[in-house]
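Trainee: Only the shape, not the letters, is given here:
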């Protein structure tokens, strides 16, 4: 991916812009020529939508409860590579397939594509970076997916994951039992990464289990902090307060 990106930048600089970028990735915040350059670079990050979902990409969401998306519409955002702005795009996150669908414009006629799953790529969502990560779930399963960095600290980084599961509906068994529609159920999970440790772990929703995950030198103090402040980490507000404390 890095080789492709550098090739695209070099080609644009020599044939389209006739200018030097000194290693900087062009953005589409400038004039028309710069917009064209950014569009060409962004094209390198596009790929086909997941084949399993491709068959039902025109799915009628009104027939289901819930949605596979965090938002059913495409939302404008900034695309970054190695923390440098590439350009602006429109995105929709399919949390069922762990896939970001993107367009270059807001046109309804434009066919959307999937964002390449590269860990150097990030999107800015509500002011926070969303990026592809490898993490370990509470059940000790190593998983790839998208996490949003909601708190960056000196000792711990805190991430949020939106996860969707699909449940097949059931037809009515008889006139007394109503049919159960198919549904998408949305869940929110939280993960943390300790500074200097190449590992991201899911945070269990129980105070006692979180205490077991921190360093031995922090366990007793964290236990007292949770009790004195009557905190329950099932609440995102309380969880963020806990990590504010751990990073203080």
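Mentor: Nice, thanks for sending it over. Just so it is clear, the structure is predicted and the values come from calculations on it, not from any experiment.

Trainee: which residue ranges form the helices in the chain?
Mentor: 2-11, 32-43, 51-54, 207-213, 216-228, 236-246 (DSSP state H).

Trainee: Residue 202 against residue 137, yeah?
Mentor: Yes. Here residue 202 lies in contact with residue 137, judged by CB atoms under 8 Å, at a distance of 4.9 Å. To be clear about C-beta, it is placed using only N, CA and C from the backbone, and glycine gets the same treatment.

Trainee: Quickly list what's touching both of the two.
Mentor: Each of residue 189 lies in contact with both residue 202 and residue 137 under the rule CB atoms under 8 Å, 6 or more residues apart in numbering.

Trainee: Of those two, which one has the most company?
Mentor: The residue with more neighbours, out of residue 202 and residue 137, is residue 202; 20 against 15, by other CB atoms under 10 Å.

Trainee: Which residue is the nearest non-sequential neighbour of that one?
Mentor: Distance criterion CB to CB, 6 or more residues apart in numbering; nearest residue to residue 202, sequence neighbours excluded, is residue 138 at 4.5 Å.

Trainee: so residue 71 touches residue 92, yeah?
Mentor: Yes. With contacts counted by CB under 8 Å, residue 71 reaches residue 92, the gap being 6.3 Å.

Trainee: higher neighbour count, the two?
Mentor: Using other CB under 10 Å as the criterion, residue 71 and residue 92 rank with residue 92 on top: 18 against 11.

Trainee: Next up, the contacts around that one.
Mentor: Shown in contact with residue 92 (CB under 8 Å, 6+ apart): 69-75, 100-102, 112.

Trainee: Report pLDDT for the residue of the chain most remote from its centre.
Mentor: Largest separation from the mean C-alpha position in the chain: residue 175, at 43.4 Å (CA atoms, centre = their mean). Per-residue pLDDT puts residue 175 at 76.
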